[in-house]
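[1] 3D, please:
(one chain, ligands or ions: 3)
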Amino acid sequence: MYWIRGFGHNVAFATPAGFRQGVAERRMWCHRLSHLQIRLQDLLRGRVTCWALQQLNFRSLFPLAIHWHHTASKSLNCVWRQHTDHFELQYANTVMRFDYVWLRDHCRSASCYNSKTHQRSLDTASVDLCIQPKTIRLDETTLFFTWPDGHVTRYDLDWLVKNSYEGQKQKVIQPRILWNAEIYQQAQVPSVDFQSFLETNEGLKNFLQNFLLYGIAFVENVPPTQEHTEKLAERISLIRETIYGRMWYFTSDFSRGDTAYTKLALDRHTDTTYFQEPCGIQVFHCLKHEGTGGRTLLVDGFYAAEQVLQKVPEEFELLSQVPLKHEYIENVGECHNHMIGVGPVLNVYPWNKELYLIRYNNYDRAVINTVPYDVVHRWYTAHRTLTIELRRPENELWVKLKPGRVLFVDNWRVLHGRESFTGYRQLCGCYLTRDDVLNTARLLGLQA
Ligand SMILES: C[N+](C)(C)CCCC[C@H](N)C(=O)O
Ligand SMILES: O=C(O)CCC(=O)C(=O)O
Ligand SMILES: [Fe+2]
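    Ligands and ions are numbered 1, 2, ... in the order given. The predicted model follows:
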């Protein structure tokens, strides 16, 4: 039997045939799940999960179970143990260890926590760092900790599972479907209509779900004006004003000191890598193009990074550890700017290694002076491996932006570029703050 936890609930399923196959399959799972990303095939087969844990050897992990407290009811299947420096709990197929200061600090009693504001009232600095509970007892599914001063903290077992490090570590923050051109095209992700996007929560939710899963999404039938584009943007987020303005409107007039404002081709990149926090989302609306070329290139940076992780894990690690600078220097007309952003190419959450941000812009990468020479060479090798993946033709999704069809790009994940073009081409759009897009998604009940 495997226990699979996905999207907030536990599901059990039997091994297809026998133990051997079970072990082989478990290895495959763990291998796949180590990076905590979802592949489309798994989603289609109904195998979407965040982590898998084989339970066969669960007991053998604890040979000295003499001092364990078992629950009266066998069906609850909960055992716990009070160690001098931590509390250990086995419940819901999870082995958890809790620090006593942590247990005191997260007390949800009325005097420690304001449940109206969801804020802590307890002054954490007043907790003795050597604190230990006087007594611990379990009643049904609630654990009671009595502290030396008599204060009682209660925890529901399910709350502990959900909020423990062990529980979080094996969960993805953001479920995603990684794609190459074929996967994306076969998924036939529907676009959302302007009207339903603006007027219904369902339309907005569908749009956001697709955006969160794929990192790109389209809205159709938008009146081709800057005002309507702005309205769209404001429906899901706050517009992030930058040195390019709030809403930007650009053509190949070299009005700014950047290649974007020319007719030249632009290789795949993410924008604003030179900000300490690169812009979360980019909105593109092509209002006019009388000429040839100018198609937009989209590449799932997380799919490419995933290939690097599979093929050469130590290069993935290096790209996630070496900090680099990106830079924007502009002195054109009235525009004078000097921006510097520092950070690695791949940004992963330290506790579960989940990738959440890729910074990739070879035009804007600054002089590398934050890395010693021997690491620099290994970094260039790793950067090459990633670039090869990003440039595989099968990973390239080409689209022609047309008036009425607005594209939203997750600038922390999906790279964009463009083909060179002729004629008059007008693009408008804006950047959005990521926190506010995710906020909207969560309020609609999506995992983000
Ligand atoms: C035109 N628009 C404002 C959208 C972008 C301009 C930013 C271009 C810059 N090289 C970067 O990649 O960040
Ligand atoms: O012109 C385009 O299609 C995109 C240019 C670009 O990369 C940008 O504006 O960020
Ligand atoms: Fe760009």
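[2] what's the spacing between residue 306 and ligand 1?
    23 Å (CB to the nearest ligand atom, to the nearest Å). Backbone N, C-alpha and C define where each C-beta goes, glycine included.
[3] pretty sure that residue sits against residue 178.
    Yes. Under the criterion of CB atoms under 8 Å, residue 306 makes contact with residue 178 at 5.6 Å.
[4] wait, what's in contact with the residue in the stretch 101-250 of the chain positioned nearest to ligand 2?
    Residue nearest to ligand 2 within the stretch 101-250 of the chain: residue 250 (6.8 Å; CB to the nearest ligand atom). Applying CB atoms under 8 Å, 6 or more residues apart in numbering to residue 250 gives the contacts 256, 260-261, 426-428.
[5] is the strand or helix carrying residue 299 anywhere near ligand 1?
    Following DSSP states H and E, one finds residue 299 within strand 296-300. No. Residues of strand 296-300 contacting ligand 1 under CB under 6 Å from any ligand atom: none, with a closest distance of 12.1 Å.
[6] average pLDDT across that strand?
    Strand 296-300 shows a mean pLDDT of 99.
[7] by how many degrees do the helix or strand following that strand and strand 296-300 diverge?
    For strand 296-300, the succeeding helix or strand toward the C-terminus, using DSSP H and E, is helix 301-311. Using axes from the mean of the first three to the mean of the last three CA atoms, to 10 degrees, the direction of helix 301-311 lies 40 degrees away from that of strand 296-300.
[8] for helix 301-311, buried residues please.
    For helix 301-311, a neighbour-count test (16 or more other CB atoms under 10 Å) marks 301-309 as buried.
[9] parallel or antiparallel, which strands does the helix or strand hosting residue 81 pair with?
    Using DSSP H and E, residue 81 maps to strand 79-82. Here strand 79-82 is paired, per DSSP bridges, with strand 69-70 (antiparallel), strand 86-91 (antiparallel).
[10] of all these, which one is nearest ligand 1?
    Per CB to the nearest ligand atom, nearest to ligand 1 of these: strand 86-91, 46.9 Å.
[11] next SSE downstream of the closest one?
    Taking DSSP H and E, what comes next after strand 86-91 is strand 94-99.
[12] give me the pLDDT value at residue 39.
    42.
[13] equivalent analysis for residue 76, please.
    According to the model, residue 76 carries a pLDDT of 79.
[14] among the contacts of residue 250, which ones are in strands?
    Counted as lying in strands by DSSP state E, out of those, are 426-428.
[15] and ligand 2, which of the residues you listed reach it?
    Answer for these near ligand 2 (CB under 6 Å from any ligand atom): residue 427.
[16] quick one: the strands in the stretch 251-400 of the chain, in order.
    Assigned by DSSP state E, counting those that start in this stretch, the stretch 251-400 of the chain shows strands spanning 266-269, 281-290, 296-300, 324-332, 335-343, 346-348, 355-358, 396-399.
[17] same question, the stretch 51-200 of the chain
    51-54, 69-70, 79-82, 86-91, 94-99, 113-114, 119-120, 135-139, 142-146, 152-156, 192-193.
[18] name the residues of the third one that are buried.
    Residues 79-81 are the ones in strand 79-82 that count as buried (16+ other CB under 10 Å).
[19] and of those residues, the nearest to ligand 2?
    After measuring these against ligand 2 - CB to the nearest ligand atom - the closest member comes out as residue 80, at 54.3 Å.
[20] enumerate the residues of the stretch 201-350 of the chain near ligand 1.
    Proximity of the stretch 201-350 of the chain to ligand 1 (CB under 6 Å from any ligand atom) is limited to residues 244, 248, 250, 258, 260, 269, 271-272.
[21] low-confidence regions, the stretch 301-448 of the chain specifically.
    Applying pLDDT under 70 to the stretch 301-448 of the chain picks out no residues at all.
[22] the stretch 151-300 of the chain now?
    Judged by pLDDT under 70, no stretch of the stretch 151-300 of the chain qualifies at all.
[23] residues contacting residue 272?
    242, 278-279, 341, 411, 431.
[24] got JSON lines for the strands paired with strand 79-82, with distance to ligand 1, mean pLDDT and mean neighbour count too?
    What follows is the strands paired with strand 79-82, written out as JSON lines (distance: least, CB to the nearest ligand atom, whole Å; pLDDT from 0 to 100; neighbours: other CB atoms under 10 Å):
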{"stretch": "strand 69-70", "distance to ligand 1": "58", "mean pLDDT": "83", "mean neighbour count": "14"}
{"stretch": "strand 86-91", "distance to ligand 1": "47", "mean pLDDT": "98", "mean neighbour count": "20"}
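[25] can you tell which of the ones you listed is closest to ligand 2?
    That would be strand 86-91 among the strands paired with strand 79-82, by CB to the nearest ligand atom, at 49.2 Å.
[26] give me the angle between the closest one and strand 152-156.
    Strand 86-91 and strand 152-156 meet at an angle of 30 degrees, taking the same axes, to 10 degrees as the criterion.
[27] how far off centre is strand 86-91?
    29 Å (CA atoms, centre = their mean, to the nearest Å).
[28] with adjacent residues omitted, what lies nearest to the residue of the stretch 101-250 of the chain found nearest ligand 1?
    In the stretch 101-250 of the chain, the residue found nearest to ligand 1 is residue 244; the distance is 3.7 Å by CB to the nearest ligand atom. Excluding the flanking residues, the one nearest residue 244 by CB to CB, 6 or more residues apart in numbering is residue 256, at 7.3 Å.
[29] how near is that neighbour to residue 262?
    10 Å (CB to CB, to the nearest Å).
[30] where exactly do the helices run in the chain?
    Assigned helices in the chain, in chain order: 18-33, 40-44, 100-105, 157-163, 165-169, 181-187, 194-199, 201-214, 226-236, 301-311, 313-321, 373-391, 434-443 (criterion: DSSP state H).
[31] so residue 170 touches residue 352, yeah?
    Yes. Between residue 170 and residue 352 there is a contact at 7.1 Å, judged by CB under 8 Å.
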